[in-house]
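Undergrad: sequence first, then the predicted structure:
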Amino acid sequence: MKSSRHYGELCYPFIHETSTLCDFEMVTDELCTLIGMALSAMPPEMADLAADLDHLQPLAFHVNGSIRGTLAVEEADVQWVVQRLRHYQDALGARQHTFILPRGTVPVPQLHLARSCAKKAIRALVRVEQEGHAIPDVLPRICNAMCNLFFLMTLVVNRRRGLDEVPFTSKSYKV
């Protein structure tokens, strides 16, 4: 397939590549969009969560360009995500169930989608590395931490609304 040379007929300069690097960039673009959706749906009384999403959204785009372009994610970024992760873990306390069904009203579904998309980004990084690209250690670390943070944010939102999580017990895996 050839790229069009007409203005407006090409959405992304690398869209016709067969490399999984382009797939990684598409997934992290989607991640940035999902974070924006969650941020836009965050109620005013959850300004702390909104501030964290506001900080996370540009990080998703920094992850996006950090293989093809200049590495734009630093150890300090990973540590910020981990610190926010610990903050919400402390706020939630001990949890009875490890697995829950992803339910709740906005912005909970958007946060669950962002969580899932962060996992896709990690899987895409695995494939990009298999194709011979060097993957800086900071990229899968921040994607994993973001995934965990989005999950905890769903729990925080539901708890603040007085909603109980619906536990899921797998018949496939012993936990």
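TA: That came through, no problem.

Undergrad: confirm that I135 sits in a helix.
TA: No: residue assignment for I135, taken from DSSP: H, G, I helix; E, B strand; the rest coil, gives coil, which places it outside any helix.

Undergrad: that one - nearest residue in space that isn't next to it in sequence?
TA: With sequence-adjacent residues excluded and distances taken as C-beta to C-beta, 6 or more residues apart in numbering, I135 is closest to E129, at 4.6 Å. In this view, the C-beta of every residue, glycine as well, is placed from N, C-alpha and C.

Undergrad: other SSEs contacting the helix or strand containing that neighbour?
TA: Secondary structure here is read from DSSP states H and E; on that basis E129 sits in helix 108-130. The helices and strands touching helix 108-130, judged by 3 or more C-beta pairs under 8 Å, 6 or more residues apart in numbering; DSSP states H and E, are helix 20-41, helix 138-160.

Undergrad: now do the contacts for R115.
TA: With contacts defined as C-beta atoms under 8 Å, 6 or more residues apart in numbering, the neighbours of R115 are C147, F150, F151, T154.

Undergrad: could you redo the last one with a cut-off of 6 Å?
TA: Counting by C-beta atoms under 6 Å, 6 or more residues apart in numbering, R115 makes contact with C147, F150, F151.

Undergrad: most neighbours, which of the residues you listed?
TA: Of all the contacts of R115, the highest neighbour tally under other C-beta atoms under 10 Å goes to F150, namely 26 neighbours.

Undergrad: can you tell me how far the residue lying closest to that residue once chain neighbours are set aside is from H55?
TA: Here the nearest residue to F150 in space, its sequence neighbours aside, is R115; by C-beta to C-beta, 6+ apart that works out to 3.9 Å. Distance of R115 to H55, computed by C-beta to C-beta, to the nearest Å: 17 Å.

Undergrad: before I go, just wanted to say thanks for your time.
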